[in-house]
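Peer 1: For reference, the sequence and a predicted model appear below.
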Amino acid sequence: MNVGELSTMLAAHPGQPMHWMLPSGGFVPAHYHLTEVGRVQKDFVDCGGTRRSQTSCLLQLWVADDTDHRLDTTKLTAIIERARPELIADSLPVEVEYEQDVIAQYPLSGIEPTPSGLLFTLGSKHTACLAPETCGVDGSGCCPPAGPRQILFVCIHNSARSQMAEAFVNAMCDGSFVASSAGLEPGQLNPLVVEAMQEIGIDISAATTTGVNEVLAAGQQFDRVITVCDEASAEACPTFPGPVAREHWGFPDPSAATGSRDEQLAQVREIRDQIRQRVADWCQLACLQQA
């Protein structure tokens, strides 16, 4: 869940209590404080030498002994609004930092209205090797070898979002999942996207754009078709033959980035990191289901 989605839910339920459920099924005590709202960026090099970057909005929860203290949705909305100059983008994924025996960070995976207030569900984070073939942990990719499954990513022009998603799947799940991409109205590869991907060691400069109708005409079979454009455009995606699973992962359009070139590139980096995180989370879940 990102900052924009969180803000929308808070605004739709003003003055409501908030309950934070941990992955264990326990809850953060109701008299918690929200002590920080910040934009956290992690720039690192993986064990294979690839430069990587991850950015998120971090909410820090802390519990004191003032048991009468309560934070509601309206107060949280005001805090987030004050933090917007630091957050920059509504597209940042939201994580929650909370200390029990140790300090831990939990991705915010969902919000549900209940008779007693909003229920915030916190997920789990896991470590993983991002370069198993390079460092020698595992030469078979991220999943047990069971034959490659074919995935098609679809967006409007096949110029940015679907190309990045394709590249990330093929980089992270080599040997278990093979990704392709196509567009409803194929256009030209976005040069800012090419640059943003090169920054993290993935070169898509030689990629070509392809139309969905071309893919259909070729008769290629896919196990899963994932649309990464807006929902309205996703509805225009045609039906593929066979038992194809359909999913929709909506991401902002890099071609809509505004401002100077550096400002546009910064916005494209945000979208790149969102797609990479979504692919990483999905790949890990898919591997567990196959194991």
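Peer 2: Noted; the coordinates are in hand.
Peer 1: Please count neighbours and contacts with C-alpha atoms only from this point.
Peer 2: Will do.
Peer 1: Show me where the stretch 1-150 of the chain has its strands.
Peer 2: Taking DSSP state E, counting those that start in this stretch as the criterion, the stretch 1-150 of the chain carries its strands at 18-21, 32-45, 51-63, 94-99, 103-114, 117-122, 149-155.
Peer 1: Could you tell me the angle between the second one and strand 94-99?
Peer 2: Just to be clear, that refers to strand 32-45. Here strand 32-45 runs at an angle of 110 degrees relative to strand 94-99 (axes from the mean of the first three to the mean of the last three CA atoms, to 10 degrees).
Peer 1: Kindly report the same for the fifth one.
Peer 2: Interaxial angle of strand 103-114 relative to strand 94-99 (the same axes, to 10 degrees): 120 degrees.
Peer 1: just the third one next, same as before
Peer 2: With the same axes, to 10 degrees as the basis, strand 51-63 and strand 94-99 are set at 50 degrees to each other.
Peer 1: Direction included, what does strand 51-63 pair against?
Peer 2: Taking DSSP bridges as the criterion, strand 51-63 pairs within the sheet with strand 32-45 (antiparallel), strand 94-99 (parallel).
Peer 1: With distance to A160, mean pLDDT and mean neighbour count added, can I get the ones you listed in JSON lines?
Peer 2: Output for the strands paired with strand 51-63, formatted as JSON lines (distance: least, CA to CA, whole Å; pLDDT from 0 to 100; neighbours: other CA atoms under 10 Å):
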{"stretch": "strand 32-45", "distance to A160": "22", "mean pLDDT": "91", "mean neighbour count": "15"}
{"stretch": "strand 94-99", "distance to A160": "24", "mean pLDDT": "94", "mean neighbour count": "19"}
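Peer 1: could those strands be laid out in TSV, adding distance to I79?
Peer 2: Listed next are these as TSV, based on distance: least, CA to CA, whole Å:
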stretch	distance to I79
strand 32-45	8
strand 94-99	14
